[in-house]
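Visitor: Fold the following, please.
(3 chains)
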Amino acid sequence: MRKIFIIASVAFAALTGVAQAEGVLPAKGISYSFEGPLGTFDRGQLQRGYKVYKEVCANCHSMKLMSFRNLSDKGGPEFTAEQVKALAATFTVKDGPNEDGEMFDRPGLPSDRFPSPFANDQAAKAANGGALPPDLSLITKARPGWYGTINQFFNGIGGPQYVYSVLTGYEEPDEEMAKLQPPGKSLNHYFAAGPWIGMPAPLSDDVVTYDDGTKATVDQMARDVSAFLAWTAEPKMEARKHLGFMTLLYLAVFTLMLYLVKKKIWAGVPH
Amino acid sequence: MSGHSNYQPTTRFGKWLHERLPIMELIQAQGMDFPTPRNLNYWWTFGGILATMLVVQILTGVVLAMHYTPHVDLAFNSVEHIMRDVNYGWLIRYMHANGASMFFIAVYIHIFRGMYYGSYKAPREVLWMIGVVIYLIMMATAFMGYVLPWGQMSFWGAKVITNLFSAIPFVGDAITTWLWGGFSIDNPTLNRFFSLHYLLPFVLAAAVGLHIWALHVPGNNNPTGISVKSSQDTLPFHPYYTMKDLFAIVAFLVFYMAWVFYSPNYLGHAINYDPANPLVTPAHIVPEWYYLPFYAILRAIPDKLGGVIAMFASILILFFLPWLDRSPLRSFKYRPLSRVFFWIFVVVCVILGFAGSGLPDNYFLSHHAAPADGGFHFTYKIVGQLATFWYFFHFLVIIPLVSKIERTEKAPASITEAVLAKAHDHAA
Amino acid sequence: MSTIEHTDVTRRDFIYIATGVVGAAGTALALWPFINQMNPDASVLALASVELDLAPIAEGQGITIKWRGNPVFVRHRTQAEIDAAKAVKTEELVDPLARNANVKESDPATDENRVVGGKEQYLIMMGVCTHLGCVPIGNDGDYAALVDNVKQGGWFCPCHGSHYDTAGRIRKGPAPQNLPVPVYSYLTDTKIKIG
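Guide: Next up, the predicted model:
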């Protein structure tokens, strides 16, 4: 089904003016468990994705809209409350002022937001060669992986695929490209403002060790962390799809009944 | 308000109330007994659908305002707080955001229905003009609502649209500064947009009251466009049209809820999930889909003031439609040439919508830039200009001319005759 | 008798009209606070001026700073950009006026009139497209200086396709005016104060 839509959407790829910039490739069309009207998140994948986020991404990227408590929410990675408590405690959080008017550090609590790696945007820029690492809370909803009115209607905007493609899309520039390479930038044709990206390739095989024994290849980690970021962007997705199913079922039955009522009332009345 | 009701209060309380406020009589006369042409088709149900959408938008909007904070530093996060923490907040916000689009889908169908069946013609000119006012209020309300989440497109959309006023000679800059409450879009702007976004729907509701009043004086038009001649032509509004409208409303809800639950962000812009940044313009600013035709008209005129005038004129011209159409017949059902031009006009409006969606110098429906060699290229801009020309040509030349010269088909003598002929066809 | 009646009527009319006028004037005056409250408030107007050191900006580099909520482009132009801007005759310009708050309003938009104090390498102007207020993109557009096929200077507004040249003058597209140059002055050789 998906293939047909992709073929159809190539034909209509341009049916909107908003489009990929020159020299930027559409995201790779990988599939996730949470696609479609009934798709749900893979808990194991979200838990692995969290690990990649924490050990790799969080060194530079903030996640300001998420709290540790969300990690045990229904429809998410569903860590246990104890696990979340332990996870939160591994972070240091600034609190205060105390009675002496001083700010102080304490271990994180489940109710705390994920702490940001930098004090402010300026500090983040200064530490990253002038490029601001964007907040990741909503990244899969804010960055389309592909364009086209019809394409996006059937395949979504491809946000998780965009993240996956950027993470796996690093290339060594050839001789021609190397001449154009700005200092400190890497070549990545999937980066929306590309092809030069300020973030050096963040993943390499076994940069994290998965607790469930899954082999930590770059491809696997990119899939897991992009799925995790799909959840952080839309944490109520499962509740939404579930309620949607019930609502549409009810409305369909009610519509049918109203149609019969209407038909009965109008029977024998020429109109 | 036409027609006498035969309302007789039956209870003691009913009598008591009737002597003090005859509201039950009004409800019975205007809401139940009201004589309605028996041949209204499903295109006529969109009035009821629109009333429903207004109620949905006010209800969800009031609830959202309980959790939203209109401050530049907090607005974006408070919307995400609604999405993440508030009980069913995600549902209410998605209903409100998609509800706006549904409202516009329904209003466009409603407007085109009025155009096709000549519902703007005498004696319904005032009804039609109040409708145009309602549409203008809708546009203003939706525009200010889109600013409130304070994402990138919120900010830049607001900047582009408010800057339209700077095109006014001499006082333009003073007006924009006044609208903004500063030298750029900032906290004062967000605050006042929130205030007005909350107010305008109630103004809209009042205008809807007038719209219904103006409807109930001449009564409904109908697909034949022939006036009601006898009581045979009509049916009481209740239960015939209450139940038909209710069925259509719930069927529309299926469509609406499918968006809310399964594609809640499709009709928005991804970039609006990036917080507003006054120093970085997104690569491509486009308004919501329902403004795109007007955006295309704005961009079609190479002069700033000219573009702004053309855009406002394209809406204001609707006020004059009742007098541009000179035909003695209302419905295009019996006006073959008008019918052809009606559908051409619908297509032109859709083309305008696409023309407003792309970068002006790209080839139409493509994301490749046309070379800047001064030659002719089939770009978004050119298509927008051609379609803009046709838009005005339709109103200013085609409608007056065609309505005068066209050979109309023979219309039935009455609604009843038309209905019986149709029933006969069915039987045969 | 009739004369008296006549004056009576006039006098009565006069008091009606006068009362109406006084009432209308009072209403209009009472409306003014409600209209004027939307104008920039004291805290907005009090926004301080901005000081900036130009020395760290290398030739061919530009920075964007925020002043009164709007971006200001500060660019250290290359010789190629200055030459390109000077080669344009003012008759060719869409907007022949300098739009520089530091020169006379009627001055022509020569390259000299787009900068202050003869320091032609530093171009300082509002980064707000005069069409509909977007922020134009630097080193872009059809009127940038071309050096080794790389665009230097010049601005292109992504919203509706306005092209500005290396002196920030509108050359093509819907924008009606050159990018305005705000009031600024040199405090030292490389330090400026905007506003």
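
Visitor: hey, let's count contacts and neighbours off CA atoms from now on
Guide: Noted.

Visitor: tally of neighbours for residue 56?
Guide: Since you didn't name a chain, this refers to chain A. 16 (other CA atoms under 10 Å in any protein chain shown).

Visitor: I was thinking of chain C, sorry if that wasn't clear
Guide: Residues within reach of residue C:56, counting by other CA under 10 Å, total 9.

Visitor: Can you give me the distance of it to chain B?
Guide: Distance of residue C:56 to chain B, given as CA to the nearest CA, to the nearest Å: 21 Å.

Visitor: do residue C:165 as well
Guide: From residue C:165 across to chain B, the span is 15 Å (CA to the nearest CA).

Visitor: can you tell me which residues contact residue C:124?
Guide: Contact partners of residue C:124, counting by CA atoms under 8 Å, 6 or more residues apart in numbering or on different chains, are C:72, C:73, C:74, C:75, C:115, C:181, C:182.

Visitor: bridging residues for the fourth one?
Guide: To tie it back to what came earlier, the one meant is residue C:75. Beta-bridge partners recorded for residue C:75 (DSSP bridges): residue C:62, residue C:123.

Visitor: residues touching it, list them.
Guide: Contacts for residue C:75 were tallied using CA under 8 Å, 6+ apart; they are C:57, C:60, C:61, C:62, C:63, C:121, C:122, C:123, C:124.

Visitor: now those residues in JSON lines, with pLDDT?
Guide: What follows is these, written out as JSON lines (pLDDT from 0 to 100):
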{"residue": "C:57", "pLDDT": "90"}
{"residue": "C:60", "pLDDT": "88"}
{"residue": "C:61", "pLDDT": "88"}
{"residue": "C:62", "pLDDT": "89"}
{"residue": "C:63", "pLDDT": "89"}
{"residue": "C:121", "pLDDT": "89"}
{"residue": "C:122", "pLDDT": "92"}
{"residue": "C:123", "pLDDT": "92"}
{"residue": "C:124", "pLDDT": "92"}
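
Visitor: Buried ones among these?
Guide: For those, a burial check counting by 16 or more other CA atoms under 10 Å in any protein chain shown picks out C:60, C:61, C:62, C:121, C:122, C:123, C:124.

Visitor: Touching, the second one and residue C:73? I think so.
Guide: No - Residue C:61 sits out of contact with residue C:73 when judged by CA atoms under 8 Å, with a separation of 10.6 Å.

Visitor: What are the phi and psi values at the residue nearest to residue B:300 when sequence neighbours are not counted?
Guide: The shortest distance from residue B:300 to any non-neighbouring residue, by CA to CA, 6 or more residues apart in numbering or on different chains, is to residue B:385 (4.7 Å). Note on residue B:385: backbone dihedrals following degrees, to the nearest 10 are phi -70, psi -40.

Visitor: Give the burial count for residue B:385, as a bare number.
Guide: Burial measure for residue B:385: 21 neighbouring residues, criterion other CA under 10 Å.

Visitor: residues in contact with residue C:158?
Guide: B:283, B:284, C:134, C:136, C:137.

Visitor: Please apply the same query to residue B:336.
Guide: Contacts for residue B:336 (CA under 8 Å, 6+ apart) come out as B:406, B:407, B:408, B:409.
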